[in-house]
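Trainee: Provided below for reference: sequence and predicted model.
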Amino acid sequence: MDHEKITRYVTEPRLLGEIENADGRGAVGDPSCGDRIEIFIKVRDDHITDIRYLVKGCWGSLASAGQLCDLVMGKSIDDALYLDEDDIVNALGGLPEEKRHCTRLALGALHYAIRNFLLHHSGEKGEAFLDH
């Protein structure tokens, strides 16, 4: 585990916050631990040009959401959808097994944000906000 990197995500979160008029947003929570991650994205030419997050939860959720945002910034929608839990864990230099669920929360929120964007911009009547 890269303690310095994780500490930076917890104490100096650079992408923490909302995007006003986001193109897509999604949130996922875990009732068993109380953690909740919300992701906001801006998209141009099918690439994520800005991404922000809000977290209510533990250090694992803060680090996972921050690392996910760093991994996704500038990527195409398709490439962002191919990221998986191991990509986040490896970029963080590892995570204890009991914190791996945090990466699934971050990925779920990202997937809902992308789905929200795709529904909103496909001309179909999509949900204004997806929260699960």
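Mentor: Everything's here; your move.

Trainee: ok, longest helix in the protein?
Mentor: Scanning the chain for the longest helix, with DSSP state H as the assignment, gives helix 100-121.

Trainee: Show me what that helix is packed up against.
Mentor: Contacts defined by 3 or more Cβ pairs under 8 Å, 6 or more residues apart in numbering; DSSP states H and E place helix 100-121 against strand 24-29, strand 36-44, helix 59-72, helix 77-82, helix 85-91, strand 130-131. To be clear about C-beta, it is placed using only N, CA and C from the backbone, and glycine gets the same treatment.

Trainee: Tell me the buried residues in it?
Mentor: Buried residues in helix 100-121, counted by 16 or more other Cβ atoms under 10 Å: 100-117, 119-120.

Trainee: What of stretch 37-53?
Mentor: So, applying 16+ other Cβ under 10 Å, buried residues of stretch 37-53: 37-43, 47-48, 50-53.

Trainee: Please save the CA atoms from that stretch in PDB.
Mentor: Only the C-alpha atoms of stretch 37-53 are listed here, as PDB (Å, rounded to 0.1, in the frame of the first residue of the first chain):
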ATOM      1  CA  ILE A  37     -19.700   8.200  -3.200                       C
ATOM      2  CA  GLU A  38     -21.100  10.600  -5.800                       C
ATOM      3  CA  ILE A  39     -19.300  11.200  -9.100                       C
ATOM      4  CA  PHE A  40     -19.900  14.200 -11.500                       C
ATOM      5  CA  ILE A  41     -18.500  14.300 -15.100                       C
ATOM      6  CA  LYS A  42     -18.200  16.700 -17.900                       C
ATOM      7  CA  VAL A  43     -17.800  15.200 -21.400                       C
ATOM      8  CA  ARG A  44     -16.700  16.600 -24.700                       C
ATOM      9  CA  ASP A  45     -16.200  14.500 -27.900                       C
ATOM     10  CA  ASP A  46     -16.800  11.300 -25.900                       C
ATOM     11  CA  HIS A  47     -14.000  12.100 -23.500                       C
ATOM     12  CA  ILE A  48     -14.200  12.900 -19.800                       C
ATOM     13  CA  THR A  49     -12.800  16.400 -19.600                       C
ATOM     14  CA  ASP A  50     -13.600  17.000 -15.900                       C
ATOM     15  CA  ILE A  51     -14.500  14.700 -13.000                       C
ATOM     16  CA  ARG A  52     -15.200  15.500  -9.400                       C
ATOM     17  CA  TYR A  53     -16.500  13.500  -6.400                       C
END
